[in-house]
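Asks: Have a look at this fold, sequence not included:
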């Protein structure tokens, strides 16, 4: 349904390969390219992809279409009959562009928003009749993992950084059993604001996107800085400064979030 999109990323630099024992291998630029693709993927839904009610298995589904709670802060966004951009949020979702397009073409619900009830039910609230990606599914895709790793499992394939000031593109800010975002670089030379990709958080809650927020505010919410073991990294040497991964054009699309929240309700 969608067409291939050329993803703008900065030129890659010489890197040291990640841990060969990790579930996947990738570079920061590859991770950012995947995040950008999931955030901008074009797709055309129809009325049949809207569901506000129970699916075939009796699981309650609410798609984040424009008719979903339009007067609420966490309102829906996608519109049937036109081309939309970005794979919608789905509780328990792990779809990439191809699997998402196939599911939508077959009439699946396009997304399924989170709720306190879904969080309590956990995996029992995941609908097989909906397509999309949630926060951990999104990050797992951006790490090229062969299967989804939820926020409780991600620390098992990562190392916690000594300091959040060490964050680089492709690293994570994670709260186990709550939320995770993908770091995308520094917003200022002082390293007090960061760029990050997120799905499930504001201002557009139910789709992935690039954002910029104060690092101290993120850490105050309980996020821990992690580095995936399979991520390639710059060589370690005195005075070395890694190149930026995001291009100026991509940075210009970031939502500024001065008061971030933990994201999903």
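Replies: Arrived safely, thanks for sending. Here the structure is a predicted model, which is why all the values come from computation and not from measurement. Residues are numbered from 1 along each chain as shown.
Asks: which residues are contacting stretch 73-88?
Replies: 38-47, 49-50, 63-70, 95, 97, 100, 110-111, 113, 132-133, 202, 204-209, 265 (Cβ atoms under 8 Å, 6 or more residues apart in numbering). Every residue, glycine included, has its C-beta placed from N, CA and C.
Asks: Near the closest residue to residue 52 other than its chain neighbours, how many other residues are there?
Replies: Using Cβ to Cβ, 6 or more residues apart in numbering and skipping the chain neighbours, the partner closest in space to residue 52 is residue 62 (5.3 Å). Burial measure for residue 62: 22 neighbouring residues, criterion other Cβ atoms under 10 Å.
Asks: I figured residue 62 hits residue 112, correct?
Replies: Yes: counting by Cβ atoms under 8 Å, residue 62 does reach residue 112; the two are 6.4 Å apart.
Asks: Contact partners for residue 147?
Replies: Residue 147 neighbours (Cβ under 8 Å, 6+ apart): 23, 94, 140.
Asks: and if you look at residue 180?
Replies: Contacts of residue 180 by Cβ under 8 Å, 6+ apart are 135-136, 139, 151, 154, 172-174.
Asks: Sort out for me which of the residues you listed are in helices.
Replies: Among those, the residues falling in helices (DSSP state H) are 135-136, 139.
Asks: out of these, which one sits closest to residue 17?
Replies: residue 139 (20.6 Å; Cβ to Cβ).
Asks: Please name the residues that touch that closest one.
Replies: Neighbours of residue 139 in contact, by Cβ under 8 Å, 6+ apart: 149, 154, 172, 180-182.
Asks: what about residue 219, neighbour count?
Replies: Neighbours of residue 219 using other Cβ under 10 Å come to 13.
Asks: Could you double-check that it sits in contact with residue 164?
Replies: Yes: using Cβ under 8 Å, residue 219 is in contact with residue 164, at 5.8 Å.
Asks: Pipe the ones in helices among the contacts of residue 180 into a markdown table and attach pLDDT and distance to residue 32 per row.
Replies: Below are the ones in helices among the contacts of residue 180 laid out as a markdown table (pLDDT from 0 to 100; distance: Cβ to Cβ, whole Å):
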| residue | pLDDT | distance to residue 32 |
| --- | --- | --- |
| 135 | 97 | 17 |
| 136 | 97 | 18 |
| 139 | 98 | 13 |
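Asks: Look through the protein and tell me its longest helix.
Replies: helix 28-40.
Asks: pLDDT averaged over the helix or strand following it, what's the number?
Replies: Moving toward the C-terminus from helix 28-40, the first helix or strand encountered (DSSP states H and E) is strand 42-43. Strand 42-43 shows an average pLDDT of 98 in the prediction.
Asks: Now compare the contacts of residue 139 and name the two farthest from each other.
Replies: 149 and 181 (14.4 Å).
Asks: Compare those two (neighbour count), which wins?
Replies: Each of residue 149 and residue 181 has its neighbours counted (other Cβ under 10 Å); residue 181 has more, 28 against 22.
Asks: In the sheet, which residues pair with that one? Tell me.
Replies: Counting by DSSP bridges, residue 181 is bridged to residue 173.
Asks: Could you number the chain from 19 rather than 1 from now on?
Replies: Got it, first residue is 19 now, which makes that one residue 199.
Asks: Let me know the pLDDT of it.
Replies: 98.
Asks: Kindly report the same for residue 261.
Replies: Reported pLDDT for residue 261: 66.
Asks: Compare the contacts of residue 165 and tell me which is most surrounded.
Replies: residue 158 (24 neighbours).
Asks: how close does that residue sit to residue 230?
Replies: 23 Å (Cβ to Cβ, to the nearest Å).
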